[in-house]
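Chemist: give me a model of this one.
(3 chains)
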Amino acid sequence: MAIGTARVRVPKKIKKGKPFKVQFIIIHPMEPGTRKDKKTGKLIPAHHITKLDIKFNGKLVTHMDVGGAVSANPYFAIMMKTDESGTLEISYEDNKGGKWKKSVEIKVS
Amino acid sequence: MHALGLIIIFVLIALNNYALAFWINNPESAIERGKRTGRIIIFYFYSRDCPYCHQMETFVLGDKDVENYIKDKFIFVPVDYEEDMEFSDRFGVYGTPTFIFFDPKKGRVIDSIFGSREKEDFLNILKRICNKSKLLRRC
Amino acid sequence: MMNRREVLKLAGTGVLLSTLSPFVNLSFSSEVEEKFKKHVGVPMSKVKDGSDKIKLKTPTIAETGANVPVSVDAKIPVEDVDWLMIFVDHNPVPRVIKVHFSPMNGKTFFATRIKMAKTSNVRAIIKKKDGSYLQALKEVKVTIGGCG
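Modeler: Take a look at the predicted model:
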């Protein structure tokens, strides 16, 4: 899978105003910058996600400052609550200029 | 002025190459160099998907103290366990990470370590190997 | 000039300290404290024990230091929280991640997976909007492991 791809999981039934779990995994090597390249013996430069924003209908829900010690292909989970349906957008960037976005629809009942 | 600049460039290139002269991918070349320089070989058997190898590479092998100690006394040879099965079998390697410490002059294995270690433990192992081999003057 | 008795006293203390040093790891605590102050912003002494409010879930023994699951579930209203930080004492860079919540989160909850260099305390540190700090911590053992 391509680097930066995200898979998001939200519950099938979401109740108005009740907190629900949002889980996601992002494909990314999360190189901390301390690992050696086995062929050359030189350090593999740091390559990891640095910032991540979770927005709902354009409003910021959660912001993360991410370091290189988060595991490769990082997993994240937060809770969220909303009274209205809408679009959940996760946007993130890494230290090499990579920028990605993933959106999912949230339907409340 | 030109000549001085060129000399500086050559010295820098030589130093840069020297710095990585302790990290060799070809086992035969490593053994040759080991014989010539009186250094012990560390064969590091790894597999690409082994998280314990990743941990060693991230926190131990890349650490400055460990790197300096290895650079000073050893020759480091990473070996892909899955690709070089024959070479792995020769040393009786059954998993990763495995570190085989090899004396190139005597042509025999000094010791072998299986599994990840934290930095201090690994440095102590290297010091023990250095003392055991009697190849090197100060450990 | 010291007299012989003073020199012997000094030598004796030196021997005593060096035999005790594996048990009294004086250097460790000051290095972690310095890094703590640098990343968190306040000295350790300013952070209160929040273990009754913060449920920090980590394995006691991590299968591998490459992938250690951590989850934080705090009984603190998320509107009162400024940020949550995961801090690993013995990582080269102890600050692993910092999470800024909003009331839309509904709950002060966060989970991820982290890399650990070696056996260490894992801390969940919360800064509240009133300027106070709370933490919960657990020692996670990272053992020798291999793939066979």
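
Chemist: make sure residue B:76 is actually in contact with residue B:46.
Modeler: No - applying Cβ atoms under 8 Å as the test, residue B:76 and residue B:46 come out as separate, 11.7 Å apart. Every residue, glycine included, has its C-beta placed from N, CA and C.

Chemist: kindly report the residues of chain A close to chain B.
Modeler: A:32, A:34, A:35, A:36, A:38, A:39, A:40, A:41, A:42, A:43, A:72 (Cβ under 8 Å from any Cβ of the partner chain).

Chemist: quick one, which of these are buried?
Modeler: A:32, A:34, A:35, A:36, A:38, A:41, A:72 (16 or more other Cβ atoms under 10 Å in any protein chain shown).

Chemist: and the second one, what element?
Modeler: Here residue A:34 is covered by no helix or strand, with elements defined by DSSP states H and E.

Chemist: isn't it up against residue A:43?
Modeler: Yes - using Cβ under 8 Å, residue A:34 is in contact with residue A:43, at 6.9 Å.

Chemist: identify the farthest-apart pair in the buried ones among the residues of chain A next to chain B.
Modeler: Farthest-apart pair in those is A:41 and A:72; separation 21.2 Å (Cβ to Cβ).

Chemist: could you tell me which residues of chain B lie near chain A?
Modeler: B:20, B:22-23, B:25, B:46, B:54, B:57-59, B:61-63, B:76, B:78, B:80.

Chemist: same thing but at 10 Å, please
Modeler: Residues of chain B found near chain A (Cβ under 10 Å from any Cβ of the partner chain) are B:16, B:19-25, B:44, B:46, B:48, B:51, B:53-64, B:67, B:70-71, B:76-80.

Chemist: so of those residues, which ones are in strands?
Modeler: Among these, the members found in strands (DSSP state E) are B:44, B:46, B:76, B:77, B:78, B:79, B:80.

Chemist: where's the closest residue to the fifth one other than its chain neighbours, which helix or strand?
Modeler: The reference is to residue B:78. Once flanking residues are discounted, residue B:78 sits nearest to residue A:38: 4.1 Å by Cβ to Cβ, 6 or more residues apart in numbering or on different chains. Using DSSP H and E, residue A:38 sits in no helix or strand.

Chemist: verify the stated contact: residue A:38 with residue B:44.
Modeler: Yes - applying Cβ atoms under 10 Å, one finds residue A:38 in contact with residue B:44, separated by 8.0 Å.

Chemist: pull up the overlap in contacts between the two.
Modeler: Counting by Cβ atoms under 10 Å, 6 or more residues apart in numbering or on different chains, the contacts common to residue A:38 and residue B:44 are B:23, B:53, B:57, B:61, B:76, B:77, B:78, B:79.

Chemist: quick check: phi and psi at the residue nearest the centre of chain C.
Modeler: With distances taken as Cα atoms, centre = their mean, chain C has residue C:89 as the residue nearest its mean C-alpha position (4.0 Å). With angles defined as degrees, to the nearest 10, residue C:89 sits at phi -50, psi -50.

Chemist: what residues are bridge-paired with the most centrally placed residue in chain B?
Modeler: Centroid-nearest residue in chain B: residue B:76, 1.6 Å away (criterion: Cα atoms, centre = their mean). Taking DSSP bridges as the rule, residue B:76 bridges to residue B:23, residue B:42.

Chemist: residue contacts, it?
Modeler: A:36, A:38, A:41, B:20, B:22-25, B:30, B:39, B:41-44, B:61, B:67, B:70, B:99.

Chemist: make it 7 Å
Modeler: The contact partners of residue B:76, by Cβ atoms under 7 Å, 6 or more residues apart in numbering or on different chains, come to B:22, B:23, B:42, B:44, B:70.

Chemist: just among those residues, which is most surrounded?
Modeler: Ranked by the number of neighbours (other Cβ atoms under 10 Å in any protein chain shown), the contacts of residue B:76 place residue B:23 first, at 25 neighbours.

Chemist: where in chain B is pLDDT low?
Modeler: Under the criterion pLDDT under 70, the flagged ranges of chain B are B:1, B:14-20, B:135-137.
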